[in-house]
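*Asks:* sequence? don't have it. structure:
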């Protein structure tokens, strides 16, 4: 969460700086007099990069040429055919292009952190039900088979429906709330740590997880102990930056 807060602050500060550039008295007059369409494109590019799933998950090396190309197209439509290209106008165009691409990079960083949190929360909220339980929506075929078998062979079939008693559930809610919070915090930390480990490990490494104690085991083929120490230090640094926790390893 701390990383998301930092990214949000950076994005907001960047927008404030961009819209305050014209007030800066630096260089030649008109150096920071950006065109109106450039302001609109900067904000639009950042917003769309954050809210559109396809752009959020796209590579930054694809987004920069995409939005840079859109800027060049808009520049040619609004200015290219009406004015001659001078050194001052070229300087402004370069500044605008840099501002657009920088805004996209910041927005993509924020979108990447948001996507990681959403994926983690989704894995926690909609994970598999422990044990043999199956979602009712996915059991239609099995129910049909049991009903057919019961009719064909004249065997009894009993349906038992269970659910928590609302009164006792409400009474126990406050008592178990802290326990639930702690459990969810542990599951969230384990899920995020799993993402960090998978990102830090090489493709040839085999990542194993012990679900009961939240422990991860990484098998590193053809790797010297010194290299595994570097990997552990990298994971420890990422865990501290993203989760604020320390990692014990050996």
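*Replies:* The structure has been received and is ready for your questions. These numbers were taken from a predicted model, which means no experiment stands behind them.

*Asks:* Can you tell me how far residue 119 is from residue 95?
*Replies:* Using C-beta to C-beta, to the nearest Å, residue 119 is found at 36 Å from residue 95. In short, each C-beta sits where N, CA and C put it, glycine included.

*Asks:* Just want to know which of these two has more residues nearby.
*Replies:* Neighbour tally, residue 119 and residue 95, criterion other C-beta atoms under 10 Å: the higher count belongs to residue 95, 16 against 13.

*Asks:* Quick check, the more buried one in contact with residue 42.
*Replies:* No: Residue 95 is beyond contact range of residue 42, at 11.4 Å (criterion: C-beta atoms under 8 Å).

*Asks:* Show me the domain layout of the protein.
*Replies:* 2-125, 170-243 (automatic domain parsing).

*Asks:* Nearest to residue 140, out of those?
*Replies:* Residue 140 sits nearest to domain 2-125 of all these, at 23.5 Å, using C-beta to C-beta.

*Asks:* so how far is that closest one from its chain's centroid?
*Replies:* 19 Å (C-alpha atoms, centre = their mean, to the nearest Å).

*Asks:* Also stretch 216-233?
*Replies:* With C-alpha atoms, centre = their mean, you get 27 Å for stretch 216-233.

*Asks:* Which is the succeeding secondary structure element to whichever helix or strand residue 185 is part of?
*Replies:* If you go by DSSP states H and E, residue 185 is part of helix 166-200. Tracing the chain C-terminally past helix 166-200 and defining elements by DSSP H and E, one meets strand 206-210 next.

*Asks:* tell me what that following strand is packed against?
*Replies:* helix 166-200, strand 215-219 (3 or more C-beta pairs under 8 Å, 6 or more residues apart in numbering; DSSP states H and E).

*Asks:* which of the ones you listed has the lowest average pLDDT?
*Replies:* Per-stretch mean pLDDT for these is lowest at helix 166-200 (a mean of 72).

*Asks:* Show me where this structure has its helices.
*Replies:* 2-19, 36-51, 53-56, 60-75, 87-125, 140-153, 166-200, 225-243 (DSSP state H).

*Asks:* The second one versus helix 87-125: what angle between them?
*Replies:* Looking back up the chat, that one is helix 36-51. 20 degrees (axes from the mean of the first three to the mean of the last three C-alpha atoms, to 10 degrees).

*Asks:* now helix 36-51 against helix 2-19, angle please.
*Replies:* Relative orientation of helix 36-51 versus helix 2-19 (the same axes, to 10 degrees): 170 degrees.

*Asks:* tell me what helix 36-51 is packed against?
*Replies:* Looks like helix 36-51 contacts helix 2-19, helix 53-56, helix 60-75, helix 87-125 (3+ C-beta pairs under 8 Å, 6+ apart).

*Asks:* and what of the fourth one?
*Replies:* In terms of contacts (3+ C-beta pairs under 8 Å, 6+ apart), helix 60-75 is packed against helix 36-51, helix 87-125.

*Asks:* any chance you could read off phi and psi for the residue of the chain positioned farthest from its centre?
*Replies:* Centroid-distance maximum for the chain: residue 154 at 54.1 Å, with C-alpha atoms, centre = their mean. Per-residue torsions, residue 154: phi 50, psi 40 (degrees, to the nearest 10).

*Asks:* So, low pLDDT: which residues of the protein?
*Replies:* Scanning the chain for pLDDT under 70 picks out 1-2, 22-32, 80-85, 120, 122-135, 158-178, 180, 211-214, 222, 250.
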